[in-house]
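# Have a look at this prediction, sequence included:
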Amino acid sequence: MALLIYLLIAYVAIVLIAIHWGTAYDHAVKKGYEGRKYLLMCLIPIYGYMYAKKLTPRVHVSDIELNHLLSFEIISKRTVLYMLIVLVGFLIFIPSAVLIYLSLQNSLLQTLFSTFAVILLLFIHQGTVVDYARKKGYESITVGLIGLIPVYGFIHYMKKDKKRNVSKQGLKEVFSVSNFIQRILIYGEITLVAIIVIIPVIYIFGMAFSNLRTDIPAAIWPQEFSFGAFEYLFEETNFTRWYWNTLKIALINMFVGTILITGAAYVFARFSFKGKKAGLLTILVLQAFPSFMGLIAMYVLFWKFGLLGKPTALSILYIGGSIPGNLWLIKGFLSQIPKDLDESAMIDGANKLQIFIRIILPLAVPILTFVAVSMFMGPWMDYMLPGYLLRFKPEGAGPDYDITQQWTLAVGLFRFINDLNYQHYSAFAAGAIFVGVPITALYMAFQKYLIEGIMAGATKG
């Protein structure tokens with residue numbers, strides 16, 4: 001409580017000093033005085049305003065203009081502005097100070113903080129070298145690579161002749177305080193996000209090679225490597241079977257679902273028929289209901305049709321659940337393709353199927369790729385439906401039937417951290433590595449189309 005009071009007092013004091021500084025400096029600017037000297041003088045509490053008030057005007061300014069700086073309108077706006085600025089500063093400074101303090105007490109945090117500081121300084125150095133070289137007329141990938149070499153990057157381009165007519169003042173602007181602050185904020189955010197993303201990935205790899213069953217490793221990277229978790233995963237579990245079950249469901253969902261949804265979206269986008277508007281609204285309403293609301297109905301239907309314990313049958317639910325949102329997404333994209341193309345193709349003798357295959361599909365590749373990848377990821381990462389519908393033996397299964405062979409990856413891997421009899425954290429991490437392989441491969445292979453598809457889905461509809 002006392003700490004909170006001290007922070008509140010500090011916040012109010014800084015806001016008041018900022019308001020005083022802004023008012024005093026504006027007073028000096030109105031009189032024609034600008035520069036670092038007057039900025040620093042006006043920063044002194046009380047004296048700063050008295051100093052600005054005694055300055056002899058260099059330009060014509062009336063007393064009404066000077067008194068307006070003290071009006072309620074100006075002071076209230078200035079107060080709100082500086083309160084927000086100081087609040088943002090507190091929100092950045094306080095967590096940073098806490099992390100610095102904790103890093104001095106904890107070796108792991110100290111390592112992370114030191115790594116962050118080194119990477120940040122390296123990026124700031126590289127950004128400054130690139131800006132300096134660009135001012136002189138050097139722009140290429142080589143400039144960025146040389147900029148990563150500490151100190152040498154500056155020396156290298158300081159000795160280079162100018163390719164552009166740039167003044168000394170222009171080169172000095174690269175080293176201005178405002179530019180450095182911008183680089184610190186930009187590269188600091190990028191570095192922080194990179195560390196937040198990369199550290200858990202490194203930790204998962206380290207855990208996979210630690211071969212720990214009941215303990216979670218305290219270190220990011222193990223001191224001794226072991227492949228015991230991988231041997232356990234492939235030799236003592238049905239991991240390969242889980243992998244094949246999940247891959248089969250994901251591929252069926254991706255190919256069959258994308259084909260069905262694309263065909264339906266094409267009909268809604270290109271044809272006029274009775275009930276079209278009502279059908280689209282019905283599909284939109286269905287999208288608002290989460291899938292778990294129908295778990296009981298899904299169980300009853302699977303039970304009656306003898307589909308319990310059959311992994312492939314889950315594709316029916318995944319495809320049906322993905323229709324509403326993806327149909328609207330593809331339909332919105334196809335509606336933006338000019339119908340003049342269809343009419344021109346019909347004049348040339350093409351039928352509806354030929355128009356769809358040879359004209360519409362090639363133009364819709366970005367959105368179709370985005371939908372296909374998202375439909376692949378749906379069952380690949382899902383636990384709820386497999387965990388609910390695959391925990392029963394299929395019809396006709398014998399008493400010695402191994403129920404684990406019908407599980408998916410999510411169900412099988414969850415047992416390693418949830419079931420005390422099979423607890424194995426390193427095996428869970430090893431399995432997680434294999435889970436990420438297909439998704440990473442898809443994103444790398446279709447990166448271009450995915451970006452275009454995301455932008456299309458955000459702007460067209």
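Noted; the coordinates are in hand. Note that the coordinates shown come from a computational prediction; the quantities given were computed from them, not determined experimentally.

# Check whether the residue lying farthest from the centre of the chain sits in a helix, strand or coil.
In the chain, the greatest distance from the average C-alpha position (Cα atoms, centre = their mean) is reached by Thr56, at 54.5 Å. Under DSSP: H, G, I helix; E, B strand; the rest coil, Thr56 falls in the coil class.

# Quick check on it: phi, psi?
phi -80, psi 130 (degrees, to the nearest 10).

# and it, what is it in contact with?
Taking Cβ atoms under 8 Å, 6 or more residues apart in numbering, we find Thr56 in contact with Lys31. Just so you know, the C-beta spots here come from the backbone N, C-alpha and C atoms, and that holds for glycine as well.

# gap between it and Met444?
Remark: distance between Thr56 and Met444 (Cβ to Cβ, to the nearest Å) = 68 Å.

# Ile204 now?
Ile204 is 19 Å from Met444, by Cβ to Cβ.

# So which of the two has more stuff around it?
Ile204 (16 against 8; other Cβ atoms under 10 Å).

# what about the more buried one, which helix or strand?
For Ile204, the host element (DSSP states H and E) is helix 177-208.

# Remind me what whichever helix or strand comes after that helix packs against, helices and strands.
Next along the chain after helix 177-208, taking DSSP H and E as the criterion, comes helix 228-235. Contacts defined by 3 or more Cβ pairs under 8 Å, 6 or more residues apart in numbering; DSSP states H and E place helix 228-235 against helix 425-445.

# mind checking how far the helix it packs on is from the chain centre?
18 Å (Cα atoms, centre = their mean, to the nearest Å).

# Now do it against helix 177-208, angle only.
In terms of direction (axes from the mean of the first three to the mean of the last three Cα atoms, to 10 degrees), helix 425-445 departs from helix 177-208 by 130 degrees.

# Can you give me the distance of the closest residue in space to Leu148 that isn't next to it in sequence to Ala345?
Nearest non-adjacent residue to Leu148, counting by Cβ to Cβ, 6 or more residues apart in numbering: Gln126, 5.1 Å away. Relative to Ala345, Gln126 is positioned 52 Å away (Cβ to Cβ).

# Which of the helices or strands spans the residue nearest to Leu148?
helix 107-136.

# Could you point out the helix or strand that follows that helix?
Under the assignment DSSP H and E, the closest C-terminal helix or strand after helix 107-136 is helix 141-147.

# And the contacts of the next helix or strand after that following helix?
Sequence-wise, the next helix or strand downstream of helix 141-147 (DSSP H and E) is helix 152-158. Here helix 152-158 makes contact (Cβ under 8 Å, 6+ apart) with 125-126, 128-129, 132-133, 136, 138, 143, 146-147.

# what's the closest of these to Arg415?
Distance to Arg415 across these (Cβ to Cβ) is lowest for Gln126, with 46.4 Å.

# What count of nearby residues applies to the closest one?
21.

# ok, it - contacts?
144, 147-148, 153.

# Pick out the most distant pair among those.
Maximum distance among the contacts of Gln126 (Cβ to Cβ): 9.5 Å, for Gly144 and Gly153.

# Please say which of these two ends up with more neighbours.
A count of neighbours by other Cβ under 10 Å puts Gly153 above the other of Gly144 and Gly153, at 22 against 15.

# Quick check: closest non-adjacent residue to the more buried one.
Of all residues not flanking Gly153 in the chain, Val129 sits nearest, at 3.9 Å (Cβ to Cβ, 6+ apart).

# Which other helices and strands does the host helix or strand of Phe268 contact?
Per DSSP H and E, Phe268 falls inside helix 239-270. Helix 239-270 sits against helix 276-287, helix 314-335, helix 365-381, helix 409-418, helix 425-445, with contacts defined as 3+ Cβ pairs under 8 Å, 6+ apart.

# One more pass at 7 Å, please.
Here helix 239-270 touches helix 314-335, helix 365-381, helix 409-418, going by 3 or more Cβ pairs under 7 Å, 6 or more residues apart in numbering; DSSP states H and E.

# and that helix with helix 365-381, angle?
Using the same axes, to 10 degrees: helix 239-270 against helix 365-381 is 140 degrees.

# Can you point out the buried residues in helix 239-270?
Buried positions in helix 239-270, judged by neighbour count with 16 or more other Cβ atoms under 10 Å: 239, 241-243, 245-254, 257-258, 260-262, 264-270.

# average model confidence for that helix?
Regarding helix 239-270, the rounded mean pLDDT is 91.

# Report the separation between the residue positioned nearest the centre of the chain and Leu233.
Note on the chain: the residue nearest the mean C-alpha position is Val193, at 8.8 Å, using Cα atoms, centre = their mean. Distance of Val193 to Leu233, given as Cβ to Cβ: 31 Å.

# now swap in Gly35 and tell me
Distance of Gly35 to Leu233, given as Cβ to Cβ: 68 Å.

# Comparing the two, which residue is more hemmed in?
With neighbours defined as other Cβ under 10 Å, Gly35 and Leu233 compare such that Leu233 has more, 27 against 10.

# which ones are touching the more buried one?
Taking Cβ atoms under 7 Å, 6 or more residues apart in numbering, we find Leu233 in contact with 239, 427, 430-431.

# for these, which one is nearest Leu334?
Gly431 (39.2 Å).

# out of everything not next to it in sequence, what's closest to the closest one?
Spatial nearest neighbour of Gly431, excluding adjacent residues (Cβ to Cβ, 6+ apart): Leu413 at 4.6 Å.

# Give me the distance between that neighbour and Thr246.
10 Å.

# got it, and Val411?
Taking Cβ to Cβ, one finds Val411 at 9 Å from Thr246.

# what does Gln126 give?
From Gln126 to Thr246 the distance is 42 Å (Cβ to Cβ).

# Over to Pro290?
Taking Cβ to Cβ, one finds Pro290 at 22 Å from Thr246.

# what's the burial count for the closest residue to Val59 other than its chain neighbours?
Leaving aside its chain neighbours, Val59 sits nearest to Gly32 (4.1 Å; criterion: Cβ to Cβ, 6+ apart). Counted with other Cβ under 10 Å, the neighbours of Gly32 add up to 13.

# what are the phi and psi values for Gly32?
Per-residue torsions, Gly32: phi 100, psi 20 (degrees, to the nearest 10).

# my guess is it meets Ala52, correct?
No. Counting by Cβ atoms under 7 Å, Gly32 stays clear of Ala52, with 11.5 Å between them.

# Next one: the closest residue to Lys163 other than its chain neighbours from Asn165, what distance?
Nearest in space to Lys163, with sequence neighbours left out and distances taken as Cβ to Cβ, 6+ apart, is Gly137 at 2.7 Å. To Asn165, Gly137 is 9 Å away according to Cβ to Cβ.

# Tell me which of the two has more neighbours.
A count of neighbours by other Cβ under 10 Å puts Gly137 above the other of Gly137 and Asn165, at 13 against 7.

# Please tell me I have it right and that one contacts Lys162.
Yes. Gly137 lies in contact with Lys162 (Cβ under 7 Å); the separation is 6.4 Å.

# measure Thr369 to Gln447 for me?
Applying Cβ to Cβ to Thr369 and Gln447 gives a distance of 10 Å.

# Could you do Ala430 as well?
Ala430 is 27 Å from Gln447, by Cβ to Cβ.
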